[in-house]
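> based on what follows, work out the 3D shape:
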Amino acid sequence: MSKKDVLERRLARLKDSLSKERERLNRVSSNIPWGAGMRRTKCTPSFRKEDELKEKIQNVKIQLSELEKNKKEVKYEK
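Next up is the predicted model:
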């Protein structure tokens with residue numbers, strides 16, 4: 001299995017995790033009653049996990065682009 005295949009599989013897995021996290025956040029947000037904001041200071045769910053997944057996806061995309069760039073450079077050197 002090449003490095004590109006591994007990165008593409010990881011990217012697909014991270015995108016799946018991101019969609020599951022968004023569904024969870026939507027579910028949590030829907031369960032917060034209307035008046036909760038007036039009674040509590042913390043009335044929104046944490047977006048930390050979603051932000052971390054977005055960052056990981058961006059890093060994998062950068063690695064894939066660098067891999068493609070290196071592959072093209074090697075091709076031109078021959």
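
> Pro45 against Ser29, yeah?
Yes - assessed by Cβ atoms under 8 Å, Pro45 is found in contact with Ser29 at 6.2 Å. C-beta: built from backbone N, CA, C; applies to glycine.

> who's more crowded, those two?
Neighbours per residue (other Cβ atoms under 10 Å) separate Pro45 from Ser29, with Pro45 holding more: 16 against 11.

> quick check: mean pLDDT of the helix or strand harbouring Glu8?
Assessed by DSSP states H and E, Glu8 sits inside helix 3-30. Averaging pLDDT along helix 3-30 gives 93.

> buried ones in that helix?
Residues Leu7, Arg10, Leu11, Leu14, Ser17, Leu18, Glu21, Leu25 are the ones in helix 3-30 that count as buried (16 or more other Cβ atoms under 10 Å).

> any idea which element the nearest residue to Leu25 once chain neighbours are set aside lies in?
Excluding the flanking residues, the one nearest Leu25 by Cβ to Cβ, 6 or more residues apart in numbering is Pro45, at 5.4 Å. According to DSSP H and E, Pro45 maps onto no helix or strand at all.

> ok, Pro45 to Val28 distance?
Remark: distance between Pro45 and Val28 (Cβ to Cβ, to the nearest Å) = 4 Å.

> go ahead and confirm Lys56 touches Leu14.
Yes - look at Lys56 against Leu14 with Cβ under 8 Å: they come within range, at 5.4 Å.

> quick one on the thing from earlier: for the residue nearest to Leu25, give me the pLDDT.
You'll see Pro45 listed with a pLDDT of 77.
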